[in-house]
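Visitor: turn this into a model:
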Amino acid sequence: GAYAGYSDLLRGAYGVFAVTPKYVFEKGKLKVNVGLRLQKFFSDNDEKDLLEPEEWDGGVMLNPDIYASIALVNGFQPYVRIYNGTKINTMSSVQEGRNHFFNPLCFSLGNDTGYDLSAGFKGDFSTAFHYDVNARLNSYDETLMDYVAYSGKEHYVPAYLRSECDVFSVNALMNLRVKRFKADADFHYYHTKFQEDGSHAFAMPDFTFGLKAVYDITSRIYCGANMSYVHNREGDFYVNSQGVYSIPAWFDLGISGGYQFSRKL
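Guide: Residues are numbered from 1 along each chain as shown. Reported below is the predicted structural model:
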């Protein structure tokens with residue numbers, strides 16, 4: 001269940017309650033988890049365009065939640081997941097997970113609604129190296145995407161747009177643990193296809209990459225390094241005249257370190 005109530009600029013309240021009965025079947029190396037998600041929406045809003053999707057008519061929605069995997073050999077486990085549902089985007093969740101500058105002047109809040117289909121394989125080589133590689137399709141009836149809004153007099157402000165789009169991705173997650181050394185790496189490829197004509201939000205970057213490594217010098221002292229890369233992102237905007245805008249690619253390097261005085265500090 002989730003509920004959000006706002007006063008002043010947004011003035012409204014909305015929420016969702018969901019129950020997912022599941023049937024779990026396990027036989028040998030096969031595991032199947034079949035669920036049906038029942039969602040009930042409710043709202044009392046003055047500014048409905050900011051808070052809720054048009055299809056929220058107070059009814060109950062039935063959506064699948066299915067997961068299956070099989071452990072073919074030690075350290076190798078193919079899996080598939082089919083899910084459809086709604087995630088409430090509250091102001092606090094957007095500020096924590098996407099953009100801590102987010103506020104009602106960003107013009108939209110909305111929710112993440114649509115299908116999430118994924119298939120891949122995960123496993124490990126001994127106890128030191130673990131991996132998860134998958135392909136994923138998110139078909140959104142609605143989701144928040146980065147946008148640029150025109151507020152008049154050639155002034156543009158950061159905003160969000162509630163978009164209907166398909167996002168296909170290929171993802172690889174890996175981590176290594178060897179005695180005092182540990183490392184985590186992730187790679188993501190994205191292809192974004194918007195369903196509506198007209199103004200588009202910024203598409204997802206073509207690919208991103210991250211790497212973080214930490215070494216324990218002693219039982220109390222550690223140091224590490226990390227790097228992140230995000231490819232450029234393009235968006236089409238129709239304000240006075242058509243234009244294609246781009247968020248440039250960026251690359252970050254960082255270092256970390258720490259000293260543990262005790263188990264509590």
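Visitor: correct me if wrong: K182 contacts Y222.
Guide: No. The criterion here is CB atoms under 8 Å, and K182 misses it with Y222 at 9.6 Å. Quick note: C-beta positions are derived from backbone N, CA and C, even for glycine.
Visitor: so what sits against both of these two?
Guide: V214 (CB atoms under 8 Å, 6 or more residues apart in numbering).
Visitor: what residues are up against F202?
Guide: M145, D146, Y147, R233, E234, G235, Y245, I247.
Visitor: kindly write the PyMOL command that selects the buried subset of those residues.
Guide: With 16 or more other CB atoms under 10 Å as the burial test, the buried ones among these are selected in PyMOL as follows:
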select buried, resi 145+146+147+233+235+247
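Visitor: so which strand or helix has the residue nearest to G1 when sequence neighbours are not counted?
Guide: Closest residue to G1 apart from its sequence neighbours, by CB to CB, 6 or more residues apart in numbering: F17 at 4.5 Å. Using DSSP states H and E, F17 maps to strand 12-19.
Visitor: and that strand, what's buried?
Guide: G12, A13, Y14, G15, V16, A18.
Visitor: rebuild those as JSON lines, extending it with pLDDT.
Guide: Listed next are the buried residues of strand 12-19 as JSON lines, based on pLDDT from 0 to 100:
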{"residue": "G12", "pLDDT": "74"}
{"residue": "A13", "pLDDT": "78"}
{"residue": "Y14", "pLDDT": "78"}
{"residue": "G15", "pLDDT": "81"}
{"residue": "V16", "pLDDT": "83"}
{"residue": "A18", "pLDDT": "90"}
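Visitor: distance to N138 added to those residues, as TSV?
Guide: Rendered in TSV, the data for these read as follows (distance: CB to CB, whole Å):
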residue	distance to N138
G12	27
A13	28
Y14	22
G15	23
V16	19
A18	19
